[in-house]
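Chemist: pasted the sequence and its predicted model underneath.
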Amino acid sequence: MKRLIYAVTLLSVLSCTDNEKSASQEKTSPSTGQQPENSAGAPSNEPSSSPKSSQQNSPATGATTWTYENKVDKDGKTVNKAVLTSPTVLNFDFPYTGGSTVTLTLRHKNSLTYSYLEVSKGQFNRSFQGGNASIRFDGKPPVRYSLSAAENGRANIVFFDSAQMLINQMKGARKMVVDVEFEGQGKRHIEFTTRGLRWNH
C-alpha cells in the first residue's frame, strides 16, 4: 500500500514539472505571427521612404539674344529680320491670363525699315493718335517715341514711327526698357537685352 501511494505521488510531481517547462518555453519563444523587420526597423511591406515629386513649374522665357532671318518673299523681294524676345513675363487680367511675352522685330524690305512690338496675348492701347512709348537705354533719362497702330488692324502689334533712330540707339546700348500701355491693363515695363545687335540695312 505504501508503495502505491509513493508511485502516485511521484507521477504527480513529474507531471507538474513538465507543465512548467512547457509554459517556460512558450514565454521565451518569439511569436510566429510577428512581421519581419527590415534594416531600417520598419515592416517589410512598408516603403522605406515616401516618393517625392521632382516636377517643378518653370516660368516661360523667350530667347533673350537676337535671332536673324534673311529670305526672299513670294514677290521675289529680299526681307531681312532681327528678332528679340523680352524675358519679362506680363501677367494680365482676364481674358489674357497665363503670362504674356513681347517680341521686338526689325524688318527691312524695299529700302524701308520697320520696327515693331508684338505681344503674344493681349492688346496694345489702340488710341495711338499722338500715342507714344517711353524708352530708357542703360539707365539714361527716358526718351519718348511715337507709335502707330498696325494697318491691318491687329491690336497685338504696334509700330515705332522713328525706326531708324531707335535702331541707332539700340546699337550702342546693352539694355532697353520700354514703358507702353496695354488696353485695359495699364502701362507695363518691358526689358530687352539689346547688346550685340548686328544690323546694316
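Modeler: The structure has been received and is ready for your questions. Everything quoted here is computed from the prediction, not taken from an experiment.
Chemist: list phi and psi for Q164.
Modeler: Main-chain dihedrals, Q164, degrees, to the nearest 10: phi -70, psi -40.
Chemist: how deep is F160 tucked in, by neighbour count?
Modeler: Residues lying near F160 (other CB atoms under 10 Å) number 23. All C-beta spots, glycine's among them, are computed from the backbone N, C-alpha and C.
Chemist: now I157
Modeler: 18.
Chemist: so what's it closest to, chain neighbours aside?
Modeler: Distances taken as CB to CB, 6 or more residues apart in numbering place A150 nearest to I157, at 4.4 Å, with adjacent residues excluded.
Chemist: where does the chain have low pLDDT?
Modeler: Applying pLDDT under 70 to the chain flags residues 1-63, 126-130.
Chemist: hey, where'd the strands end up in this structure?
Modeler: Counting by DSSP state E, the chain has strands at residues 67-72, 78-85, 102-109, 112-119, 132-137, 143-149, 157-160, 175-182, 186-193.
Chemist: which one, of these, ends up nearest to F94?
Modeler: Closest of those to F94 is strand 175-182, at 13.5 Å (criterion: CB to CB).
Chemist: buried residues in the closest one?
Modeler: Residues of strand 175-182 classed as buried by neighbour count (16 or more other CB atoms under 10 Å): 176-178, 180-182.
Chemist: just checking, what packs against that strand?
Modeler: In this structure, strand 175-182 makes packing contacts with strand 112-119, strand 132-137, strand 186-193, judged by 3 or more CB pairs under 8 Å, 6 or more residues apart in numbering; DSSP states H and E.
Chemist: which other residues reach the second one?
Modeler: Contacting residues not belonging to strand 132-137 are listed as 142-147, 160, 166, 169-170, 172-173, 175-180, 194 [CB atoms under 8 Å, 6 or more residues apart in numbering].
Chemist: restricting to C-alpha, output that strand in PDB.
Modeler: Output in PDB follows, covering the C-alpha atoms of strand 132-137 (Å, rounded to 0.1, in the frame of the first residue of the first chain):
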ATOM      1  CA  ASN A 132       4.000 107.100 -77.500                       C
ATOM      2  CA  ALA A 133       6.200 104.800 -75.600                       C
ATOM      3  CA  SER A 134       8.900 105.900 -73.000                       C
ATOM      4  CA  ILE A 135      12.200 104.100 -73.600                       C
ATOM      5  CA  ARG A 136      15.300 104.100 -71.400                       C
ATOM      6  CA  PHE A 137      18.700 102.900 -72.600                       C
END
